[in-house]
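Participant: Sequence below, structure please.
(one chain, ligands or ions: 2)
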Amino acid sequence: MSLRSRLFLAFTAIALVPIALLAAFTLDRLARSLELWNTPGVDQSLRTSLEVSKTALTRLESTARAQAADWAQVLPPAPVDLPRRTAVRAGLRAAGLDFVQLYRRDRAGWRRVDDVLPEHVLAPEPLDLSREIDAALAAGGVIHSPRGALAAVAPLEIRDRSGARWALTAGMRVTPDFFTGLTRIGESVDFYHRFGVLRDVSRIYWLLLVAAVVLVLALVALLVATALARAMTQPLQALEQALERVAGGDLETRVAPSGARELRTLGERFNAMTARLAAARTALAEAEREAAWRDVARRLAHEFKNLLTPMTLSLRRLEKRADRVPEADRAAVAESLDAFAQALADLGRLAEQFSQYARLPEPRFERVDLADVVREAARAQAREDVRVAFEPGPGALPIAADRLLLSRAVHNLILNACEASPAGAVVEVRTAAADTMATVEVLDRGSGLAPEVRARLFEPYISTKARGSGLGLSLVRDIASQHGGTAALADREGGGARATLSVPLAGGAKAS
Ligand SMILES: Nc1ncnc2c1ncn2[C@@H]1O[C@H](COP(=O)(O)OP(=O)(O)OP(=O)(O)O)[C@@H](O)[C@H]1O
Ligand SMILES: [Mg+2]
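Facilitator: Numbers count the residues shown, from 1 in each chain. Ligands and ions are numbered 1, 2, ... in the order given. So this is what the prediction gives:
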């Protein structure tokens, strides 16, 4: 599994565990508080008691109805006489009724005419249902009286002589709030039923809310985890790709250091490492090229010398016999021999340059003053028509150097300057100290640097001169680096060139 996936999973787990715990806790609290609202069983007991009351009421009503119908068949439209009254009272007791009443309707409405109680029952406070009879007759014949009675009404079959209507009520006494109590139970059942529905709805509402919050939090956690994992792995990925390119040989590859401090450091180290690798590779290539050039130079010098020796001997022999040439040709022959000798000398110089370049001797260091070395080198005149002016700087310039090698290097610079200068010009040579380095400068007012070779002047065999070997500056640079110094050649302001050779001052001496 990739590092990014691992980090992503780790971050997600770290974020989701607390969210899950929070959700579980919230839902648990929610369930508990909803439970508290709902006292278990209240709903059910209310329902049961309502059922029971309704059943009892129905049974009482049907008993009252049956009794009222029965008694309405047998009782006359008049107050009940004593013998019949005894039978009625016994009957009431057997049927479990509390009263039978007779009502007569005259112009003012119903009026109670008789009230028969069961046997052995003393008269309680009188009960008058006259005002409820009409409504009861119209609506099924049952009275629920708030005065504390449940009764059935039945009209009598026979009327009295005046033709007035008679009715009979039979029923039981109940507590005055019996019916309001029943209604209240009904309302409570209703309320609890509605409340239950409400509770279910609010439970769903809360569940949805918690689910939504958890979802949003989880989504945010996922996004943050993705971003974090990416931020942490991106620099590593860039580094991995850069490493691959380096392995493929591209040493110019660099990464842009980013991310956490450690990752940035890693990036910077990587860049430094590839830079060093590139420099090392360049140096190696240069060394290899130089070694190859030296090899070529050595062979050339060898071949030259092999050819030059017999040629010089032949020339000597010819010179010895020059006076045998007829008078008329003598001058021409002498001229040719001179030219030949000059050409041989040039070739000899070239061969010497080649062999010097091929075998740079190991330097033998001694403590010298740079100004002395330069003065000696400047004295070896290069051209008759160019003056070399040496201006030593103030103070001594002690350096550790091979006098011969260093003087050869300086001489090469002066030679180049003289060769570049027009007739009658002055080549200035100066020495000075700068920081920890002793410097010699060679300045001319010559042609300046040729643009086509400007970048490669210090490479061997780079020359713009007809008879130049192109080894002079290459030698200068080698000698400079043998002494731990540098050599440079640049255009001079106002025309000409400025050659500089710097070597370290000896014993850590510092320019004052
Ligand atoms: N002072 C200078 N002014 C202008 N060009 C210069 C100067 N010194 C060197 N050069 C250029 O640098 C080239 C290389 O110089 P270098 O000394 O290596 O070889 P060379 O002088 O051409 O040959 P050799 O030193 O063997 O005679 C020269 O051919 C010349 O073009
Ligand atoms: Mg030269």
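
Participant: Okay, buried residues for stretch 59-76 please.
Facilitator: L60, E61, T63, A64, R65, Q67, A68, D70, W71, A72, L75 (16 or more other CB atoms under 10 Å). The C-beta positions use only the backbone N, C-alpha and C, and glycine is treated the same way.

Participant: quick check, nearest of those residues to A450?
Facilitator: Nearest to A450 among the buried residues of stretch 59-76, counting by CB to CB, is E61 at 135.1 Å.

Participant: who touches the closest one in this structure?
Facilitator: E61 makes contacts with V142, L150, A152, as judged by CB atoms under 8 Å, 6 or more residues apart in numbering.

Participant: among those residues, who's most crowded?
Facilitator: A152 (26 neighbours; other CB atoms under 10 Å).

Participant: surely that residue meets G140?
Facilitator: No: using CB atoms under 8 Å, A152 is not in contact with G140, being 9.3 Å away.

Participant: Just the CA coordinates for stretch 133-147, please, in PDB.
Facilitator: Taking C-alpha atoms only, stretch 133-147 is exported to PDB below (Å, rounded to 0.1, in the frame of the first residue of the first chain):
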ATOM      1  CA  ILE A 133     -86.600  12.500  29.100                       C
ATOM      2  CA  ASP A 134     -87.500  14.200  25.800                       C
ATOM      3  CA  ALA A 135     -83.900  14.300  24.600                       C
ATOM      4  CA  ALA A 136     -83.400  10.700  25.600                       C
ATOM      5  CA  LEU A 137     -86.600   9.500  23.800                       C
ATOM      6  CA  ALA A 138     -85.400  11.200  20.600                       C
ATOM      7  CA  ALA A 139     -81.900   9.800  20.900                       C
ATOM      8  CA  GLY A 140     -82.300   6.100  21.600                       C
ATOM      9  CA  GLY A 141     -83.800   6.100  25.100                       C
ATOM     10  CA  VAL A 142     -80.700   6.400  27.400                       C
ATOM     11  CA  ILE A 143     -80.100   9.100  30.000                       C
ATOM     12  CA  HIS A 144     -76.600   9.900  31.300                       C
ATOM     13  CA  SER A 145     -77.600  12.300  34.000                       C
ATOM     14  CA  PRO A 146     -75.000  14.600  35.600                       C
ATOM     15  CA  ARG A 147     -77.200  14.300  38.700                       C
END
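
Participant: For that stretch, report the contacting residues that lie outside it.
Facilitator: 61, 64-65, 68, 103, 109-110, 127-129, 132, 149-155, 167, 169, 171, 176, 179-180.

Participant: make it 6 Å
Facilitator: Applying CB atoms under 6 Å, 6 or more residues apart in numbering, the external contacts of stretch 133-147 come out as E61, W110, L129, E132, A151, A152, V153, A167, F179.

Participant: Stretch 100-117 too?
Facilitator: 71, 79-80, 88, 99, 128, 130, 133, 164-170.

Participant: Which of those ranks first by neighbour count?
Facilitator: T169 (30 neighbours).

Participant: Which neighbours in the sheet does the helix or strand containing that residue have, and how are they oriented?
Facilitator: Secondary structure assigned from DSSP states H and E places T169 in strand 165-173. Strand pairing for strand 165-173, determined by DSSP bridges: strand 99-106 (antiparallel), strand 149-155 (antiparallel).

Participant: next one: the first one to chain centre, how far?
Facilitator: Shown here is strand 99-106, whose average C-alpha point lies 97 Å from the average C-alpha point of the whole chain (CA atoms, centre = their mean, to the nearest Å).

Participant: next helix or strand past that strand?
Facilitator: Taking DSSP H and E, what comes next after strand 99-106 is strand 109-116.

Participant: Backbone dihedrals for L505, both of them.
Facilitator: phi -70, psi 140 (degrees, to the nearest 10).

Participant: which residues does it contact?
Facilitator: Counted by CB under 6 Å, 6+ apart, L505 has contacts T436, A438.

Participant: pLDDT at it, what is it?
Facilitator: You'll see L505 listed with a pLDDT of 95.

Participant: just Q381 next, same as before
Facilitator: 68.

Participant: do the one 4 residues further on as well
Facilitator: D385 is assigned 90 on the pLDDT scale.

Participant: now the contacts of stretch 133-147 as JSON lines including pLDDT and distance to ligand 1?
Facilitator: Listed next are the contacts of stretch 133-147 as JSON lines, based on pLDDT from 0 to 100; distance: CB to the nearest ligand atom, whole Å:
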{"residue": "E61", "pLDDT": "91", "distance to ligand 1": "137"}
{"residue": "W110", "pLDDT": "93", "distance to ligand 1": "149"}
{"residue": "L129", "pLDDT": "91", "distance to ligand 1": "144"}
{"residue": "E132", "pLDDT": "92", "distance to ligand 1": "141"}
{"residue": "A151", "pLDDT": "94", "distance to ligand 1": "143"}
{"residue": "A152", "pLDDT": "94", "distance to ligand 1": "143"}
{"residue": "V153", "pLDDT": "94", "distance to ligand 1": "144"}
{"residue": "A167", "pLDDT": "93", "distance to ligand 1": "150"}
{"residue": "F179", "pLDDT": "87", "distance to ligand 1": "131"}
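
Participant: Mind putting these into a markdown table with distance to A24?
Facilitator: Shown next, in a markdown table, are the contacts of stretch 133-147 (distance: CB to CB, whole Å):
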| residue | distance to A24 |
| --- | --- |
| E61 | 55 |
| W110 | 71 |
| L129 | 64 |
| E132 | 62 |
| A151 | 62 |
| A152 | 62 |
| V153 | 65 |
| A167 | 70 |
| F179 | 51 |
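
Participant: from those, which single one is nearest A331?
Facilitator: Of all the contacts of stretch 133-147, A331 sits closest to F179, with 169.1 Å by CB to CB.

Participant: Which residue, other than its chain neighbours, is closest to the residue of the chain at minimum distance from ligand 2?
Facilitator: Among the residues of the chain, G472 lies closest to ligand 2, at 2.9 Å counting by CB to the ion. Take G472 and drop its neighbours on the chain: the residue closest to it by CB to CB, 6 or more residues apart in numbering is N412, 4.4 Å away.
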